[in-house]
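>>> no FASTA, just this:
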């Protein structure tokens, strides 16, 4: 968990400008999410709590029956993390209608995508996350791409604000020139 939070903070610091995110954000009810990104008056919650213990055990075991038991435990870990992340979606407190679940290991993310780990009630865990829980699962690489999109949005908003300010100043100048 600590490694995931450190990795998450490093990615955020490397991509987003200072002040556009906060680590360990506390909601009114006292729950604390690992990070939020500020987009105007809304928040994007990001949870990076993730246990790799069962995944590593799956990779290390040679016993097929043990592997099956560990895969079930790992799927349950993932489902629990998805459910945990979903609790940070709080539109009443200004969050967007989705949250990011940051998986700090590319291998786990890749295995999720190709369905090596993960179905819940005959459904893909990624589908469960997005459709049922509004949680977008990201790895460091895919999260970087999402953050680039967020950055473009922030730049567009800054340009829009600058354009409004310029327009206001031009109108003031026009009034001054007219009165002169």
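It's in. This one's a predicted model, so the numbers in the text were calculated from it and none came from an experiment. Numbering: from 1, shown residues only.

>>> low-confidence regions, this structure specifically.
For the chain, the stretches flagged by pLDDT under 70 are 1, 50-51, 113-123, 154, 157-158.

>>> the helices in this protein, which residues?
Ranges of helices within the chain are 2-15, 53-60, 64-86, 106-113, 125-127, 133, 140-179, based on DSSP state H.

>>> tabulate the ones you listed (a markdown table), appending distance to residue 28.
Every C-beta, even on glycine, is put in place using the N, C-alpha and C of the backbone. What follows is those, written out as a markdown table (distance: least, C-beta to C-beta, whole Å):
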| stretch | distance to residue 28 |
| --- | --- |
| helix 2-15 | 22 |
| helix 53-60 | 33 |
| helix 64-86 | 18 |
| helix 106-113 | 32 |
| helix 125-127 | 30 |
| helix 133 | 21 |
| helix 140-179 | 24 |
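
>>> looking at those, spot the one closest to residue 44.
Ranking those by proximity to residue 44 (C-beta to C-beta) places helix 140-179 first, at 7.5 Å.

>>> in the closest one, what's buried?
140, 142-143, 146-147, 150, 154 (16 or more other C-beta atoms under 10 Å).

>>> what does the longest strand belonging to the chain rub up against?
Counting residues, the longest strand in the chain under DSSP state E turns out to be strand 32-39. With C-beta atoms under 8 Å, 6 or more residues apart in numbering as the test, strand 32-39 has contacts from 4-5, 8-9, 12, 16, 19-27, 43-49, 88, 95-96, 99, 102, 150, 153-154, 157.

>>> now the residues you listed: which count as buried?
Of the members of these, the ones counted as buried by neighbours, 16+ other C-beta under 10 Å, are 4-5, 8-9, 12, 16, 20-21, 23, 25, 27, 43-49, 88, 95-96, 99, 102, 150, 154.

>>> quick one on the thing from earlier: okay, angle between the longest strand of the chain and helix 64-86 too, please.
50 degrees (axes from the mean of the first three to the mean of the last three C-alpha atoms, to 10 degrees).
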